[in-house]
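Q: here's my sequence, what's the structure:
(one chain, ligands or ions: 1)
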Amino acid sequence: MHRVPAGGCAVKDMFGVEITEEQALAMKKQKRPTSRKAMVAARQARGVHPHNGLPLLAASGHTCGDCGHKREDLGGYSRHWYKCALTPGGGPATDIRVRWPACVKWIVP
Ligand code: SF4
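A: Here you go, the predicted model:
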């Protein structure tokens with residue numbers, strides 16, 4: 001059973017770590033990225049992969065472009081879209097960029 005401390009409610013962040021109410025309010029006020037470009041920049045700044053949110057393969061120099069999971073969808077009008085084979089589904093939200101730094105699931109092609 002969850003116990004409420006004498007000073008107030010116990011607040012936990014999304015990872016289950018207890019934080020103060022002030023920290024929770026500050027997190028709530030933070031603006032969420034409103035565009036895909038902003039989301040990509042925010043995730044990379046946090047050290048996670050823009051596509052799947054996994055940690056980046058630190059200082060390896062590898063990218064999605066040289067990963068064995070990268071696959072290429074040939075679209076109409078001579079367009080190519082790059083996808084990660086580990087992510088099911090389709091559509092723009094599942095696109096990856098070959099220049100993005102690799103995540104920890106990177107494998108040799
Ligand atoms: S598994 Fe490979 S292609 Fe998929 S996101 Fe990670 S590095 Fe990119």
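
Q: would you point out which residue is most central in this protein?
A: In the chain, the centroid-proximal residue (CA atoms, centre = their mean) is Gly53; its distance is 2.5 Å.

Q: so, low pLDDT: which residues of the chain?
A: 1-9, 13-15 (pLDDT under 70).

Q: now do the strands in it.
A: For the chain, applying DSSP state E gives strands covering 11-12, 18-19, 70-74, 80-84, 95-96.

Q: related to what we said a few turns ago, excluding chain neighbours, what is closest to the residue nearest to the centre of the chain?
A: Arg43 (6.9 Å; CB to CB, 6 or more residues apart in numbering). Using the backbone N, CA and C atoms, a C-beta is placed for each residue, glycine as well.

Q: give me the distance between Cys67 and Thr94.
A: Between Cys67 and Thr94 the computed distance is 15 Å (CB to CB, to the nearest Å).

Q: okay, the two: which has more neighbours?
A: Using other CB atoms under 10 Å as the criterion, Cys67 and Thr94 rank with Cys67 on top: 24 against 16.

Q: which positions in this protein make contact with the ligand?
A: Residues of the chain found near the ligand (CB under 6 Å from any ligand atom) are 49, 51-52, 64, 67, 69-70, 84, 86, 96, 102-103, 105-106.

Q: go with 8 Å
A: 49, 51-52, 54, 57, 62-64, 67-70, 82, 84-87, 96, 100, 102-107 (CB under 8 Å from any ligand atom).

Q: may I see the ChimeraX selection of the buried members of the residues you listed?
A: Selection of the buried residues among these in ChimeraX, burial being defined by 16 or more other CB atoms under 10 Å:
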select :49,51,57,62,63,64,67,69,70,82,84,96,100,102,103,105,106
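
Q: so which of the residues of the chain next to the ligand sit within helices?
A: The helices, defined by DSSP state H, take in nothing from the residues of the chain next to the ligand.

Q: my guess is the residue nearest to Gly53 contacts Asn52. True?
A: No - if you go by CB atoms under 8 Å, Arg43 and Asn52 don't touch, sitting 9.7 Å apart.
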